[in-house]
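Novice: Pasting a predicted model and its sequence here:
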Amino acid sequence: MATKDVKAQRSVIMRLSMLMADHLLAFLSGMPFNLNFTSEKRQSPLLALGCGYDQDLGGSYHPIDGVLGLGRGKSSIVSQLSSAGLVRNVIGHCLSARGGGFLFFGDEIYDPSRVAWTPMSPNAKHYSPGLAELTFDGKTTGFKNLLVTFDSGASYTYVNSQVYEGLISLMKRELSTKPLRQALDDQTLPLCWKGRKPFKSIRDVKKYFKTFALSFTNDGKSKTQLEFSPEAFLIVSAKGNACLGILNGTEVGLNDLNVIGDISMQDRVVIYDNEKQLIGWAPGNCDRIPKSKSFIM
């Protein structure tokens, strides 16, 4: 490797170690990667990729663990691809409820007019649409100014303790007349319900649960909603019970931060447009990789 390449690589490592807020040390390696674009074009740009080690999380447990290089920083993969002129500085993913899905770089696999967009918070280090209001079954709940962030490194969705208790109360009130009861013997997640017979899929139980939503203000007047249908907050356990995939984030050290995790992003195209500073989402077929000029993993 040329001397100037080694110096550049060391510079990247130094910048990364200073930026990591969780005391994460990391090794980075700069090497050419063969990227196959869906347009059948192939490129081999030099990318700096790496892995972290010696992570000091302090005394609390943090359930959030992203992939190094997929964030908003200048050393992210999409920033490197964008700087090389290969794609726009846009990253997104489509996670299938049946397993699998795809990650994409660039802006050519979706129709912007069919996407629900909201501004990206300019002050957040993570992908955050800012503050939100919670509605339940189309009605206000009184929970406003909720700080929200998207994190595909979280399997479940986390809300602060007040929202969690409020949401549980609303759900239990709705379920009080339904043929469900709490499954105290199921430890899959903190709260599970059982029916007259084991559930095989969410389709068997979704009719008993109401949809809720987070509303984000765009320009002070219009609002963009992120809806949570039962598929976005329930799983079926090995015992055939319906378990709530919304967890108490305050208990695991997230304080007042509310994190949208994988369970609530399934079968949606979620887009982080770093150039326009927008976050968007739309229903998507995550089982099929679309054809485009974007790079897809």
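Specialist: Thanks, I have it.
Novice: Every contact and neighbour count from this point should use C-alpha atoms.
Specialist: Noted.
Novice: Do a quick rundown of the helices in the stretch 101-250 of the chain.
Specialist: Using DSSP state H, counting those that start in this stretch, the helices of the stretch 101-250 of the chain run over 161-175.
Novice: Where does the prediction get shaky in it?
Specialist: By pLDDT under 70, the low-scoring segments of the stretch 101-250 of the chain are 220-221.
Novice: Would you map the strands across it?
Specialist: In the stretch 101-250 of the chain, the strands defined using DSSP state E, counting those that start in this stretch lie at 101-105, 116-119, 130-136, 139-140, 146-150, 157-159, 181-182, 192-194, 212-217, 223-228, 234-236, 242-244, 246-248.
Novice: export those strands to TSV and tack on distance to Val78?
Specialist: Putting the strands of the stretch 101-250 of the chain into TSV (distance: least, CA to CA, whole Å) gives the following:
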stretch	distance to Val78
strand 101-105	6
strand 116-119	19
strand 130-136	22
strand 139-140	38
strand 146-150	17
strand 157-159	25
strand 181-182	45
strand 192-194	39
strand 212-217	26
strand 223-228	25
strand 234-236	32
strand 242-244	34
strand 246-248	30
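Novice: any chance of these in CSV, plus distance to Gly280 and mean neighbour count?
Specialist: Below are these laid out as CSV (distance: least, CA to CA, whole Å; neighbours: other CA atoms under 10 Å):
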stretch, distance to Gly280, mean neighbour count
strand 101-105, 14, 20
strand 116-119, 4, 21
strand 130-136, 13, 20
strand 139-140, 23, 12
strand 146-150, 11, 21
strand 157-159, 18, 26
strand 181-182, 35, 15
strand 192-194, 31, 22
strand 212-217, 11, 21
strand 223-228, 9, 18
strand 234-236, 23, 22
strand 242-244, 25, 25
strand 246-248, 21, 22
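Novice: nearest to Leu170, of those?
Specialist: Nearest of the strands of the stretch 101-250 of the chain to Leu170, taken as CA to CA: strand 130-136 at 8.0 Å.
Novice: And for that closest one, what's in contact with it?
Specialist: Outside strand 130-136, the residues within contact range by CA atoms under 8 Å, 6 or more residues apart in numbering are 119-121, 140-149, 170, 210-217.
Novice: if we can go back for a sec, how about the strands of the stretch 101-250 of the chain, which one is nearest Lys291?
Specialist: strand 101-105 (11.3 Å).
Novice: same for that closest one, what does it pack against?
Specialist: Contacting strand 101-105 under the criterion 3 or more CA pairs under 8 Å, 6 or more residues apart in numbering; DSSP states H and E are the following elements: strand 90-95, strand 295-296.
Novice: That one pairs with which strands, parallel or anti?
Specialist: Strand partners for strand 101-105, identified by DSSP bridges, are recorded as strand 90-95 (antiparallel), strand 295-296 (antiparallel).
Novice: weakest of these by average pLDDT?
Specialist: Here those differ in mean pLDDT, and the lowest is strand 295-296 at a mean of 59.
Novice: Save the helices and strands packed on strand 101-105 as a markdown table, and put in mean neighbour count too.
Specialist: Converted to a markdown table, the helices and strands packed on strand 101-105 look like this (neighbours: other CA atoms under 10 Å):
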| stretch | mean neighbour count |
| --- | --- |
| strand 90-95 | 24 |
| strand 295-296 | 24 |
